[in-house]
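[1] Any chance you could fold what I've pasted below:
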Amino acid sequence: MANEYQSRSERRKHEEDMQRRADENGEKAKNTREEISSKGPKHSKAPKEPKQKKRRPWRWLWLVLIALIIVLVCAAGALYAKSKNAADNSYKPAKIQKARDVDKILKEGKPFSVLLLGTDTGELGRDYKGRTDSMMLVTVNPKEKKTTIMSIPRDTLVAIPGFENQFPSKINGAYEDGSAATTIQTVQNWLNVPIDFYALVNMGGLEKVVNQVGGIQVKSPLTFSFNPDTAHADPGNLYDFTKGSSTYSHTGKDGQKKTYDTMDGKAALAFSRMRYADPNGDYGRQERQRLVMQGILDKIKKDPTKVLSSNFIEEIGKSTQTDMKFSQVMKIGMKYLGATQEIKSDHIQGNSYSLSSGSTEVVYRGEQQRATDVLRKSLDLPKKETGNLYSGNISDADIQSAGVPTLTESMQLSTGQDSTDVAAQTADTNTGEVVGQNTN
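    Residues are numbered from 1 along each chain as shown. Take a look at the predicted model:
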(Lines give C-alpha, C1' and ligand atoms only; values in the text may rest on other atoms or scores of the structure.)
Protein backbone atom coordinates (compact mmCIF):
# COMPACT_ATOMS: atom_id res chain seq x y z
CA MET A 1 0.00 0.00 0.00
CA ALA A 2 1.37 3.36 -0.92
CA ASN A 3 2.07 5.83 1.85
CA GLU A 4 0.08 9.06 2.06
CA TYR A 5 2.99 11.47 2.48
CA GLN A 6 2.54 15.02 1.29
CA SER A 7 6.28 15.63 0.78
CA ARG A 8 9.56 13.73 0.61
CA SER A 9 10.79 15.39 3.78
CA GLU A 10 7.66 14.22 5.64
CA ARG A 11 8.24 10.67 4.43
CA ARG A 12 11.94 10.79 5.39
CA LYS A 13 11.09 12.04 8.90
CA HIS A 14 8.49 9.28 9.33
CA GLU A 15 10.98 6.59 8.25
CA GLU A 16 13.68 7.96 10.59
CA ASP A 17 11.25 7.84 13.52
CA MET A 18 10.31 4.25 12.66
CA GLN A 19 13.98 3.22 12.49
CA ARG A 20 14.74 4.88 15.82
CA ARG A 21 11.92 3.00 17.56
CA ALA A 22 12.96 -0.24 15.86
CA ASP A 23 16.51 0.16 17.18
CA GLU A 24 15.19 0.71 20.71
CA ASN A 25 12.97 -2.39 20.53
CA GLY A 26 15.75 -4.43 18.95
CA GLU A 27 18.14 -3.62 21.80
CA LYS A 28 15.50 -4.70 24.34
CA ALA A 29 14.92 -7.97 22.47
CA LYS A 30 18.66 -8.59 22.23
CA ASN A 31 19.09 -8.26 26.00
CA THR A 32 16.16 -10.62 26.59
CA ARG A 33 17.60 -13.27 24.27
CA GLU A 34 20.98 -13.08 25.98
CA GLU A 35 19.25 -13.76 29.29
CA ILE A 36 17.37 -16.71 27.77
CA SER A 37 20.61 -18.07 26.35
CA SER A 38 22.38 -17.92 29.71
CA LYS A 39 19.53 -19.41 31.75
CA GLY A 40 17.51 -21.57 29.39
CA PRO A 41 18.07 -24.30 26.82
CA LYS A 42 20.27 -23.71 23.79
CA HIS A 43 18.60 -23.36 20.42
CA SER A 44 20.05 -23.68 16.97
CA LYS A 45 18.71 -20.32 15.89
CA ALA A 46 17.66 -17.38 18.00
CA PRO A 47 14.57 -15.41 17.09
CA LYS A 48 15.10 -12.44 14.83
CA GLU A 49 15.00 -9.07 16.42
CA PRO A 50 11.58 -7.47 16.21
CA LYS A 51 11.17 -4.19 14.43
CA GLN A 52 8.89 -1.40 15.49
CA LYS A 53 5.80 -2.52 17.37
CA LYS A 54 2.61 -1.48 15.68
CA ARG A 55 -0.81 -1.09 17.16
CA ARG A 56 -3.74 -1.80 14.88
CA PRO A 57 -6.99 -0.36 16.23
CA TRP A 58 -10.49 -0.74 14.85
CA ARG A 59 -10.60 -0.55 11.09
CA TRP A 60 -13.41 0.46 8.82
CA LEU A 61 -14.95 -3.02 9.29
CA TRP A 62 -16.51 -2.11 12.63
CA LEU A 63 -18.14 0.92 11.07
CA VAL A 64 -19.59 -1.14 8.26
CA LEU A 65 -20.79 -3.95 10.51
CA ILE A 66 -22.55 -1.62 12.92
CA ALA A 67 -24.41 0.10 10.11
CA LEU A 68 -25.37 -3.13 8.39
CA ILE A 69 -26.68 -4.83 11.52
CA ILE A 70 -28.58 -1.70 12.49
CA VAL A 71 -30.35 -1.94 9.17
CA LEU A 72 -31.13 -5.65 9.34
CA VAL A 73 -32.33 -5.67 12.95
CA CYS A 74 -34.16 -2.34 12.98
CA ALA A 75 -35.91 -3.14 9.74
CA ALA A 76 -36.83 -6.69 10.68
CA GLY A 77 -40.13 -5.72 12.25
CA ALA A 78 -41.17 -3.02 9.81
CA LEU A 79 -40.13 -4.85 6.66
CA TYR A 80 -40.02 -8.48 7.71
CA ALA A 81 -40.18 -10.04 4.26
CA LYS A 82 -37.49 -7.85 2.74
CA SER A 83 -35.25 -8.21 5.79
CA LYS A 84 -35.61 -11.97 5.73
CA ASN A 85 -34.75 -12.02 2.06
CA ALA A 86 -31.63 -9.92 2.71
CA ALA A 87 -30.56 -12.20 5.56
CA ASP A 88 -31.19 -15.29 3.48
CA ASN A 89 -29.08 -13.86 0.66
CA SER A 90 -26.25 -13.16 3.09
CA TYR A 91 -26.35 -16.60 4.69
CA LYS A 92 -23.44 -18.90 3.99
CA PRO A 93 -22.70 -21.69 6.49
CA ALA A 94 -19.16 -21.97 7.80
CA LYS A 95 -19.11 -25.75 7.22
CA ILE A 96 -17.47 -26.46 10.55
CA GLN A 97 -18.65 -28.15 13.73
CA LYS A 98 -19.20 -25.29 16.15
CA ALA A 99 -17.55 -25.42 19.56
CA ARG A 100 -20.94 -24.75 21.20
CA ASP A 101 -24.65 -25.18 20.50
CA VAL A 102 -25.32 -21.65 19.23
CA ASP A 103 -29.10 -22.03 19.16
CA LYS A 104 -29.10 -23.04 22.80
CA ILE A 105 -26.81 -20.12 23.65
CA LEU A 106 -29.19 -17.63 22.07
CA LYS A 107 -32.30 -19.27 23.49
CA GLU A 108 -30.91 -18.97 27.01
CA GLY A 109 -29.71 -15.41 26.41
CA LYS A 110 -26.07 -16.25 27.16
CA PRO A 111 -23.11 -14.27 25.78
CA PHE A 112 -22.09 -15.14 22.23
CA SER A 113 -19.18 -14.35 19.93
CA VAL A 114 -18.84 -13.25 16.30
CA LEU A 115 -15.65 -13.30 14.25
CA LEU A 116 -15.77 -10.24 11.99
CA LEU A 117 -13.81 -10.32 8.75
CA GLY A 118 -13.39 -7.28 6.53
CA THR A 119 -12.57 -7.21 2.86
CA ASP A 120 -12.52 -4.73 0.00
CA THR A 121 -14.64 -7.03 -2.17
CA GLY A 122 -17.02 -5.20 -4.46
CA GLU A 123 -15.32 -1.83 -4.01
CA LEU A 124 -12.15 -2.90 -5.79
CA GLY A 125 -13.63 -5.45 -8.17
CA ARG A 126 -12.64 -8.43 -6.05
CA ASP A 127 -14.84 -11.36 -5.10
CA TYR A 128 -15.30 -12.90 -1.65
CA LYS A 129 -12.33 -15.26 -2.00
CA GLY A 130 -9.10 -13.66 -0.87
CA ARG A 131 -7.22 -12.38 2.13
CA THR A 132 -9.16 -10.54 4.81
CA ASP A 133 -8.09 -6.94 5.39
CA SER A 134 -9.45 -6.75 8.95
CA MET A 135 -10.25 -9.20 11.72
CA MET A 136 -12.02 -8.70 15.05
CA LEU A 137 -13.53 -11.05 17.59
CA VAL A 138 -16.63 -9.52 19.16
CA THR A 139 -18.39 -10.81 22.27
CA VAL A 140 -21.89 -9.70 23.29
CA ASN A 141 -22.86 -10.06 26.94
CA PRO A 142 -26.45 -9.03 27.80
CA LYS A 143 -26.05 -9.75 31.51
CA GLU A 144 -23.10 -7.40 31.88
CA LYS A 145 -24.68 -5.06 29.30
CA LYS A 146 -21.38 -4.95 27.46
CA THR A 147 -20.01 -5.65 23.99
CA THR A 148 -16.27 -6.31 23.72
CA ILE A 149 -14.38 -5.86 20.45
CA MET A 150 -10.93 -7.48 20.24
CA SER A 151 -8.97 -6.43 17.15
CA ILE A 152 -6.55 -9.01 15.78
CA PRO A 153 -3.61 -7.74 13.69
CA ARG A 154 -4.16 -9.04 10.18
CA ASP A 155 -0.42 -9.82 9.87
CA THR A 156 -0.34 -12.00 13.00
CA LEU A 157 2.03 -14.96 12.66
CA VAL A 158 0.27 -18.34 12.62
CA ALA A 159 0.58 -21.85 11.33
CA ILE A 160 -2.81 -22.19 9.62
CA PRO A 161 -4.39 -25.55 10.61
CA GLY A 162 -4.24 -27.89 7.63
CA PHE A 163 -1.66 -25.66 5.96
CA GLU A 164 1.19 -25.93 8.49
CA ASN A 165 3.63 -26.68 5.66
CA GLN A 166 3.25 -23.02 4.63
CA PHE A 167 4.58 -21.71 7.97
CA PRO A 168 5.33 -18.88 8.58
CA SER A 169 1.92 -17.56 7.51
CA LYS A 170 -0.23 -14.57 8.36
CA ILE A 171 -3.64 -14.95 9.94
CA ASN A 172 -5.32 -12.99 7.14
CA GLY A 173 -4.39 -15.81 4.75
CA ALA A 174 -6.59 -18.34 6.58
CA TYR A 175 -9.71 -17.28 4.69
CA GLU A 176 -7.93 -17.48 1.35
CA ASP A 177 -6.65 -20.97 2.14
CA GLY A 178 -9.88 -22.45 3.46
CA SER A 179 -12.61 -19.80 3.75
CA ALA A 180 -14.62 -19.28 6.95
CA ALA A 181 -14.10 -22.74 8.45
CA THR A 182 -10.31 -22.49 8.36
CA THR A 183 -10.37 -18.94 9.72
CA ILE A 184 -12.60 -19.94 12.64
CA GLN A 185 -10.42 -22.95 13.44
CA THR A 186 -7.26 -20.85 13.26
CA VAL A 187 -8.53 -18.25 15.73
CA GLN A 188 -10.10 -20.84 18.08
CA ASN A 189 -6.92 -22.89 18.21
CA TRP A 190 -4.85 -19.78 18.83
CA LEU A 191 -6.93 -18.10 21.54
CA ASN A 192 -8.88 -21.03 23.02
CA VAL A 193 -12.11 -19.03 22.73
CA PRO A 194 -15.28 -20.48 21.11
CA ILE A 195 -16.46 -18.70 17.98
CA ASP A 196 -20.23 -18.90 17.55
CA PHE A 197 -20.66 -16.99 14.29
CA TYR A 198 -18.67 -15.27 11.59
CA ALA A 199 -19.52 -12.29 9.40
CA LEU A 200 -17.70 -11.10 6.30
CA VAL A 201 -18.39 -7.48 5.36
CA ASN A 202 -17.16 -5.54 2.37
CA MET A 203 -16.18 -1.92 2.19
CA GLY A 204 -18.96 -0.97 -0.18
CA GLY A 205 -21.43 -1.32 2.67
CA LEU A 206 -20.19 1.77 4.48
CA GLU A 207 -20.57 3.95 1.41
CA LYS A 208 -24.12 2.74 0.89
CA VAL A 209 -25.10 3.41 4.50
CA VAL A 210 -23.70 6.96 4.50
CA ASN A 211 -25.47 7.77 1.26
CA GLN A 212 -28.74 6.24 2.45
CA VAL A 213 -28.88 8.40 5.59
CA GLY A 214 -28.36 11.49 3.44
CA GLY A 215 -24.69 12.05 4.26
CA ILE A 216 -23.07 12.97 7.56
CA GLN A 217 -21.41 16.02 9.10
CA VAL A 218 -18.09 15.41 10.84
CA LYS A 219 -15.53 17.90 12.15
CA SER A 220 -12.05 16.83 11.15
CA PRO A 221 -9.51 16.53 14.01
CA LEU A 222 -6.68 17.53 11.67
CA THR A 223 -5.93 19.12 8.31
CA PHE A 224 -4.97 16.65 5.57
CA SER A 225 -5.37 15.79 1.89
CA PHE A 226 -6.01 12.31 0.57
CA ASN A 227 -6.59 10.66 -2.80
CA PRO A 228 -8.17 7.22 -2.19
CA ASP A 229 -7.06 6.03 -5.63
CA THR A 230 -3.34 6.49 -4.92
CA ALA A 231 -3.21 6.73 -1.10
CA HIS A 232 -1.18 9.91 -1.64
CA ALA A 233 -2.10 13.58 -1.60
CA ASP A 234 -2.19 13.42 -5.41
CA PRO A 235 -4.46 15.36 -7.78
CA GLY A 236 -7.22 13.70 -9.77
CA ASN A 237 -9.52 12.60 -6.95
CA LEU A 238 -8.27 14.70 -4.05
CA TYR A 239 -10.14 15.34 -0.81
CA ASP A 240 -9.06 18.20 1.46
CA PHE A 241 -10.16 18.24 5.11
CA THR A 242 -9.58 21.08 7.57
CA LYS A 243 -9.02 20.79 11.31
CA GLY A 244 -12.02 21.82 13.39
CA SER A 245 -14.32 22.12 10.39
CA SER A 246 -17.01 19.89 8.86
CA THR A 247 -16.45 21.60 5.53
CA TYR A 248 -14.24 19.80 3.03
CA SER A 249 -13.41 20.10 -0.65
CA HIS A 250 -12.99 17.68 -3.53
CA THR A 251 -11.02 18.23 -6.71
CA GLY A 252 -11.75 15.85 -9.56
CA LYS A 253 -9.85 14.95 -12.71
CA ASP A 254 -11.13 18.09 -14.41
CA GLY A 255 -9.32 20.21 -11.83
CA GLN A 256 -12.54 21.78 -10.58
CA LYS A 257 -12.58 22.23 -6.82
CA LYS A 258 -15.93 22.00 -5.04
CA THR A 259 -16.68 22.61 -1.36
CA TYR A 260 -19.18 20.68 0.76
CA ASP A 261 -20.35 20.64 4.37
CA THR A 262 -21.88 17.13 4.30
CA MET A 263 -19.90 13.97 3.54
CA ASP A 264 -21.26 11.46 1.09
CA GLY A 265 -20.16 7.81 1.14
CA LYS A 266 -17.01 8.31 -0.92
CA ALA A 267 -15.87 11.26 1.20
CA ALA A 268 -16.51 9.28 4.40
CA LEU A 269 -14.34 6.44 3.10
CA ALA A 270 -11.53 8.85 2.22
CA PHE A 271 -11.80 10.51 5.63
CA SER A 272 -11.69 7.12 7.39
CA ARG A 273 -8.87 5.44 5.51
CA MET A 274 -5.94 7.89 5.66
CA ARG A 275 -3.24 6.82 8.14
CA TYR A 276 0.35 7.76 7.31
CA ALA A 277 -0.17 11.52 7.11
CA ASP A 278 -1.73 11.46 10.57
CA PRO A 279 0.82 12.23 13.31
CA ASN A 280 -1.01 9.72 15.53
CA GLY A 281 -0.91 6.98 12.92
CA ASP A 282 -3.46 4.22 13.47
CA TYR A 283 -4.76 5.92 16.60
CA GLY A 284 -5.60 9.02 14.56
CA ARG A 285 -7.38 6.91 11.98
CA GLN A 286 -9.30 5.16 14.75
CA GLU A 287 -10.53 8.53 16.01
CA ARG A 288 -11.76 9.53 12.55
CA GLN A 289 -13.51 6.19 12.10
CA ARG A 290 -15.34 6.71 15.36
CA LEU A 291 -16.40 10.17 14.22
CA VAL A 292 -17.85 8.70 11.02
CA MET A 293 -19.70 6.02 12.99
CA GLN A 294 -21.12 8.59 15.37
CA GLY A 295 -22.26 10.67 12.40
CA ILE A 296 -24.12 7.68 10.96
CA LEU A 297 -25.74 6.85 14.29
CA ASP A 298 -26.83 10.45 14.84
CA LYS A 299 -28.59 10.51 11.49
CA ILE A 300 -30.30 7.17 12.09
CA LYS A 301 -31.47 8.23 15.55
CA LYS A 302 -33.03 11.38 14.12
CA ASP A 303 -34.83 9.56 11.33
CA PRO A 304 -34.78 5.72 11.42
CA THR A 305 -37.02 5.59 8.34
CA LYS A 306 -33.99 6.48 6.21
CA VAL A 307 -32.77 2.90 6.52
CA LEU A 308 -36.15 1.25 6.10
CA SER A 309 -36.17 1.26 2.31
CA SER A 310 -36.83 -2.25 1.04
CA ASN A 311 -34.46 -1.80 -1.90
CA PHE A 312 -31.74 -0.50 0.40
CA ILE A 313 -32.12 -3.46 2.75
CA GLU A 314 -31.74 -5.84 -0.15
CA GLU A 315 -28.63 -3.99 -1.34
CA ILE A 316 -27.10 -4.11 2.13
CA GLY A 317 -27.68 -7.85 2.18
CA LYS A 318 -25.30 -8.08 -0.77
CA SER A 319 -22.52 -6.47 1.28
CA THR A 320 -22.45 -9.18 3.93
CA GLN A 321 -21.81 -12.89 4.22
CA THR A 322 -22.51 -14.74 7.47
CA ASP A 323 -23.56 -18.05 9.00
CA MET A 324 -26.12 -16.25 11.16
CA LYS A 325 -29.63 -17.27 10.18
CA PHE A 326 -32.51 -14.80 10.05
CA SER A 327 -34.17 -16.47 13.05
CA GLN A 328 -30.96 -16.00 15.01
CA VAL A 329 -30.73 -12.35 13.97
CA MET A 330 -34.27 -11.86 15.28
CA LYS A 331 -33.45 -13.48 18.64
CA ILE A 332 -30.40 -11.28 19.01
CA GLY A 333 -32.42 -8.20 18.21
CA MET A 334 -34.98 -9.09 20.90
CA LYS A 335 -32.73 -10.44 23.67
CA TYR A 336 -29.40 -8.69 23.42
CA LEU A 337 -30.13 -4.97 23.18
CA GLY A 338 -28.95 -4.58 26.78
CA ALA A 339 -25.40 -5.26 25.61
CA THR A 340 -25.51 -1.97 23.72
CA GLN A 341 -24.98 0.17 26.78
CA GLU A 342 -21.21 -0.26 26.89
CA ILE A 343 -18.81 -0.88 24.01
CA LYS A 344 -15.29 -1.88 25.03
CA SER A 345 -12.57 -1.86 22.38
CA ASP A 346 -9.30 -3.72 22.80
CA HIS A 347 -6.57 -5.04 20.54
CA ILE A 348 -3.93 -7.73 20.53
CA GLN A 349 -0.43 -6.22 20.59
CA GLY A 350 2.05 -7.73 18.16
CA ASN A 351 5.78 -7.30 17.58
CA SER A 352 7.03 -6.76 14.02
CA TYR A 353 9.43 -9.29 12.50
CA SER A 354 10.78 -9.49 8.94
CA LEU A 355 10.14 -13.07 7.84
CA SER A 356 9.71 -14.95 4.59
CA SER A 357 6.01 -14.08 4.92
CA GLY A 358 6.93 -10.39 4.85
CA SER A 359 6.45 -7.92 7.70
CA THR A 360 4.72 -10.10 10.29
CA GLU A 361 3.30 -9.47 13.77
CA VAL A 362 4.52 -11.97 16.35
CA VAL A 363 2.33 -12.06 19.46
CA TYR A 364 4.19 -13.11 22.58
CA ARG A 365 2.67 -15.64 24.97
CA GLY A 366 1.80 -13.15 27.71
CA GLU A 367 -0.22 -10.97 25.36
CA GLN A 368 -1.87 -14.03 23.83
CA GLN A 369 -2.95 -15.14 27.32
CA ARG A 370 -4.20 -11.65 28.19
CA ALA A 371 -6.44 -11.58 25.11
CA THR A 372 -7.79 -15.03 25.95
CA ASP A 373 -8.55 -13.95 29.51
CA VAL A 374 -10.42 -10.83 28.36
CA LEU A 375 -12.50 -12.72 25.80
CA ARG A 376 -13.36 -15.72 27.97
CA LYS A 377 -14.37 -13.43 30.83
CA SER A 378 -16.61 -11.45 28.49
CA LEU A 379 -18.33 -14.73 27.55
CA ASP A 380 -18.77 -15.72 31.23
CA LEU A 381 -16.46 -18.69 30.67
CA PRO A 382 -13.93 -20.00 33.22
CA LYS A 383 -10.33 -18.92 32.89
CA LYS A 384 -8.17 -21.33 30.88
CA GLU A 385 -4.75 -21.41 29.30
CA THR A 386 -4.60 -19.75 25.92
CA GLY A 387 -4.26 -21.84 22.75
CA ASN A 388 -1.32 -23.04 20.66
CA LEU A 389 1.39 -20.41 20.30
CA TYR A 390 0.95 -20.23 16.54
CA SER A 391 -2.45 -21.97 16.25
CA GLY A 392 -1.47 -24.99 14.15
CA ASN A 393 0.73 -27.89 15.20
CA ILE A 394 4.37 -27.22 14.32
CA SER A 395 7.66 -28.35 15.81
CA ASP A 396 10.23 -26.25 17.62
CA ALA A 397 12.58 -27.00 14.75
CA ASP A 398 10.18 -25.37 12.29
CA ILE A 399 9.71 -22.41 14.62
CA GLN A 400 13.47 -21.94 15.00
CA SER A 401 13.96 -22.28 11.27
CA ALA A 402 11.49 -19.43 10.72
CA GLY A 403 13.49 -17.27 13.11
CA VAL A 404 10.72 -16.63 15.65
CA PRO A 405 10.39 -17.38 19.39
CA THR A 406 9.57 -20.86 20.61
CA LEU A 407 7.08 -21.24 23.45
CA THR A 408 9.80 -20.95 26.11
CA GLU A 409 11.34 -17.91 24.45
CA SER A 410 7.95 -16.30 23.89
CA MET A 411 7.08 -16.64 27.58
CA GLN A 412 10.35 -15.04 28.62
CA LEU A 413 10.04 -12.27 26.04
CA SER A 414 6.59 -11.56 27.47
CA THR A 415 8.03 -10.88 30.91
CA GLY A 416 10.55 -8.56 29.32
CA GLN A 417 7.95 -6.40 27.59
CA ASP A 418 7.18 -2.99 28.96
CA SER A 419 3.89 -3.17 30.88
CA THR A 420 2.45 -0.33 28.82
CA ASP A 421 2.96 -2.34 25.64
CA VAL A 422 0.90 -5.32 26.76
CA ALA A 423 -1.71 -3.51 28.82
CA ALA A 424 -5.24 -3.52 27.46
CA GLN A 425 -5.78 -0.66 25.05
CA THR A 426 -9.38 -0.02 25.91
CA ALA A 427 -11.97 2.65 25.38
CA ASP A 428 -15.45 2.39 26.84
CA THR A 429 -18.20 4.12 24.92
CA ASN A 430 -21.83 4.65 25.89
CA THR A 431 -23.66 5.21 22.65
CA GLY A 432 -27.24 4.11 23.27
CA GLU A 433 -29.63 1.56 21.86
CA VAL A 434 -28.86 2.03 18.20
CA VAL A 435 -25.30 0.74 18.60
CA GLY A 436 -26.58 -2.25 20.45
CA GLN A 437 -28.86 -3.18 17.60
CA ASN A 438 -26.05 -3.12 15.15
CA THR A 439 -23.64 -5.16 17.28
CA ASN A 440 -26.06 -8.02 17.65
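[2] Show me the beta-bridge partners of Leu115.
    Beta-bridge pairing for Leu115 (DSSP bridges): Leu137, Tyr198.
[3] Could you report the pLDDT at Pro50?
    The model reports Pro50 with a pLDDT of 45.
[4] burial count for Lys219?
    13 (other C-beta atoms under 10 Å). Where you see a C-beta, it was placed from the backbone N, CA and C, and this is true even at glycine.
[5] residue contacts, the closest residue to it other than its chain neighbours?
    For Lys219, ignoring the flanking residues on the chain, the nearest one in space by C-beta to C-beta, 6 or more residues apart in numbering is Ser246 at 5.0 Å. When contacts are counted by C-beta atoms under 8 Å, 6 or more residues apart in numbering, Ser246 touches Gln217, Val218, Lys219, Ser220, Asp261, Thr262.
[6] got it, and Asn237?
    Counted by C-beta under 8 Å, 6+ apart, Asn237 has contacts Asn227, Pro228, Asp229, His250, Thr251, Gly252, Lys253.
[7] ok, so of the residues you listed, who is nearest Ile296?
    Ile296 lies nearest to Pro228 out of the contacts of Asn237, by C-beta to C-beta, at 18.6 Å.
[8] Let me see the confidence value for that closest one.
    If you check Pro228, the pLDDT there is 90.
[9] Go ahead and confirm it touches Ala270.
    Yes - counting by C-beta atoms under 8 Å, Ala270 is a contact partner of Pro228 at 4.8 Å.
[10] Neighbours of Thr415, how many?
    Other residues lying near Thr415 total 12 when counted by other C-beta under 10 Å.
[11] what ranges do the strands span in the stretch 201-350 of the chain?
    Using DSSP state E, counting those that start in this stretch, the strands of the stretch 201-350 of the chain run over 224-226, 238-241, 248-251, 257-260, 320-322, 342-347.
[12] Now do the same for the last one: mean pLDDT, whole number.
    Along strand 342-347, the predicted local confidence has a mean pLDDT of 81.
[13] need the contact list for Asp261.
    Taking C-beta under 8 Å, 6+ apart as the test, what Asp261 contacts is Gln217, Ser246, Thr247, Tyr248.
[14] ok, so of the residues you listed, who is nearest Gly317?
    Ranked by distance to Gly317 (C-beta to C-beta), the contacts of Asp261 are led by Gln217 at 27.7 Å.
[15] measure that closest one to Lys299 for me?
    Noted for Gln217: a distance of 9 Å to Lys299, by C-beta to C-beta, to the nearest Å.
[16] Need the overlap of contacts for Pro228 and Ala270.
    When C-beta under 8 Å, 6+ apart defines a contact, the residues bordering Pro228 and Ala270 alike are Tyr239.
[17] More neighbours: the two, which one.
    Neighbour count, other C-beta under 10 Å: between Pro228 and Ala270, Ala270 has more, with 23 against 18.
[18] measure the more buried one to Thr182 for me?
    Here Ala270 is placed at a distance of 33 Å from Thr182 (C-beta to C-beta).
[19] quick one: low-confidence parts of the stretch 1-150 of the chain?
    Applying pLDDT under 70 to the stretch 1-150 of the chain flags residues 1-83, 120-130.
[20] run the last query once more with 90
    Low-confidence segments of the stretch 1-150 of the chain (pLDDT under 90): 1-93, 95, 116-136, 138, 145-150.
[21] What of the stretch 151-300 of the chain?
    For the stretch 151-300 of the chain, the stretches flagged by pLDDT under 90 are 151-155, 175-179, 199-213, 230-232, 269, 272-300.
[22] where do the helices sit along it?
    174-191, 204-212, 265-273, 281-302 (DSSP state H, counting those that start in this stretch).
[23] can you redo those as CSV with distance to Ala402?
    As requested, the helices of the stretch 151-300 of the chain are exported to CSV (distance: least, C-beta to C-beta, whole Å):
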stretch, distance to Ala402
helix 174-191, 16
helix 204-212, 36
helix 265-273, 32
helix 281-302, 26
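[24] of those, which approaches Thr386 most closely?
    Between the helices of the stretch 151-300 of the chain, helix 174-191 lies closest to Thr386; by C-beta to C-beta that is 6.2 Å.
[25] coming back round to it: closest one of the contacts of Ser246 to Gly118?
    Of all the contacts of Ser246, Val218 has the smallest distance to Gly118: 20.8 Å, by C-beta to C-beta.
[26] Burial check on the closest one, number of neighbours?
    Val218 has 25 nearby residues by other C-beta under 10 Å.
[27] Would you confirm that it contacts Met263?
    Yes - Val218 is within contact range of Met263, at 6.2 Å (criterion: C-beta under 8 Å).
[28] Now list whatever residues contact both of the two.
    With C-beta under 8 Å, 6+ apart as the test, Val218 and Met263 both reach Phe271, Val292, Gly295.
[29] So which bits of stretch 205-223 are buried?
    For stretch 205-223, a neighbour-count test (16 or more other C-beta atoms under 10 Å) marks 205-213, 215-216, 218, 220, 222 as buried.
[30] With distance to Lys257 as new columns, can the residues you listed be given to me in TSV?
    Formatted as TSV, these follow (distance: C-beta to C-beta, whole Å):
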residue	distance to Lys257
Gly205	29
Leu206	25
Glu207	22
Lys208	26
Val209	27
Val210	22
Asn211	22
Gln212	27
Val213	26
Gly215	19
Ile216	21
Val218	20
Ser220	17
Leu222	20
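[31] Widest-spaced pair of those residues?
    Using C-beta to C-beta, these reach their maximum pairwise distance at Gln212 and Leu222, which is 27.6 Å.
[32] sorry, back to before: of the shared contacts of Val218 and Met263, closest to Glu176?
    Taking C-beta to C-beta as the measure, Glu176 lies nearest Val292 of the shared contacts of Val218 and Met263, at 28.1 Å.
[33] What degree of burial does the closest one show, as a neighbour count?
    23.
[34] That one reaches Gly265, doesn't it?
    No - using C-beta under 8 Å, Val292 is not in contact with Gly265; the gap is 10.3 Å.
[35] quick check: mean pLDDT across the strand or helix carrying Asp373?
    Following DSSP states H and E, one finds Asp373 within helix 365-378. On average, the pLDDT along helix 365-378 is 97.
[36] buried ones in the helix or strand that it is followed by?
    Once the chain leaves helix 365-378, the next helix or strand it forms, by DSSP H and E, is helix 396-402. Within helix 396-402, the residues that count as buried by 16+ other C-beta under 10 Å are Asp398, Ile399, Gln400, Ala402.
[37] Much appreciated, bye for now.
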